[in-house]
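Peer 1: take this sequence and fold it.
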Amino acid sequence: MSTRCESCAAISTHYQTAPCSLLTDEQVTRFLGEGAHSKPTLDNPVGDGCSWSKRDGSGARIGLELPTITDDGLAAIYRQRGKAYKFFEEMPDVEGYPAVTYGPRDEREQGYCAVAVGTSDKRTVQIFSRLSEWNRGKKDPCQAAHDTAVEVVKNVKGGQ
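Peer 2: The predicted structure follows:
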């Protein structure tokens, strides 16, 4: 798998200042169910982001970051493969953009997974998925994060 994205159109920087607009209310409801709320994180030193969760105690959550801490895109994550990221797997492309799942350890059994999509040679979109208590062990959190990433990239491509 390539960390480079020669054929990928760059994703607009507009979303850096409005990360919660990367998913529609309808999409959030489809992933988390009715009653989910969003919370932007615009002062994160890694980069701006947004999280969506429910207040029902289920633990279900979607997180999204647009890292600006490095200009190395997906290559920065590949460099940490086997080091900081003991858990690392390549995933199917997301709408033509390369994707990986990664983390300091494999937390799929706990219902958590992170997916990074290389949106340019310099940038990634990172999606974090935490499954509800009742979905842990029944659904793959990495597939859930990948499915979310597909919708995010479709929204961005449609909004350019």
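Peer 1: count the neighbours of the residue nearest to E133 when sequence neighbours are not counted for me.
Peer 2: Spatial nearest neighbour of E133, excluding adjacent residues (Cβ to Cβ, 6 or more residues apart in numbering): G59 at 5.4 Å. From N, CA and C alone the C-beta is placed, and that goes for glycine too. The tally of other residues near G59 (other Cβ atoms under 10 Å) stands at 17.
Peer 1: does G59 touch W134 like I think?
Peer 2: No. G59 is not in contact with W134 according to Cβ atoms under 8 Å; the separation is 9.3 Å.
Peer 1: hmm, back to that, OK, contacts around the residue nearest to E133?
Peer 2: By Cβ atoms under 8 Å, 6 or more residues apart in numbering, the residues touching G59 are G111, R130, L131, S132, E133.
Peer 1: filter the residues you listed to the buried ones?
Peer 2: G111, R130, L131, S132 (16 or more other Cβ atoms under 10 Å).
Peer 1: contacts only, for the third one.
Peer 2: Contacts were defined as Cβ under 8 Å, 6+ apart; by that measure L131 touches G59, A60, G111, Y112, K139, P141, A144.
Peer 1: please redo it, this time with the cut-off set to 7 Å
Peer 2: Going by Cβ atoms under 7 Å, 6 or more residues apart in numbering, L131 touches A60, G111, K139, P141, A144.
Peer 1: same question, the second one
Peer 2: For R130, the set of contacting residues under the criterion of Cβ under 7 Å, 6+ apart consists of G59, A60, R61, G111, Y112, P141.
Peer 1: can you tell me how far it is from Y97?
Peer 2: Taken as Cβ to Cβ, to the nearest Å, the spacing of R130 relative to Y97 amounts to 23 Å.
Peer 1: could you do the first one as well?
Peer 2: Summarising the geometry, the distance separating G111 from Y97, computed by Cβ to Cβ, is 25 Å.
Peer 1: hmm, back to that, mind checking which of the contacts of R130 are in strands?
Peer 2: If you go by DSSP state E, the contacts of R130 have R61, Y112 in strands.
Peer 1: okay, who's weakest in the contacts of R130 by pLDDT?
Peer 2: Least confident by pLDDT among those: that is G59, with 92.
Peer 1: need phi/psi at it.
Peer 2: Main-chain dihedrals, G59, degrees, to the nearest 10: phi 90, psi 0.
Peer 1: no further questions, thank you.
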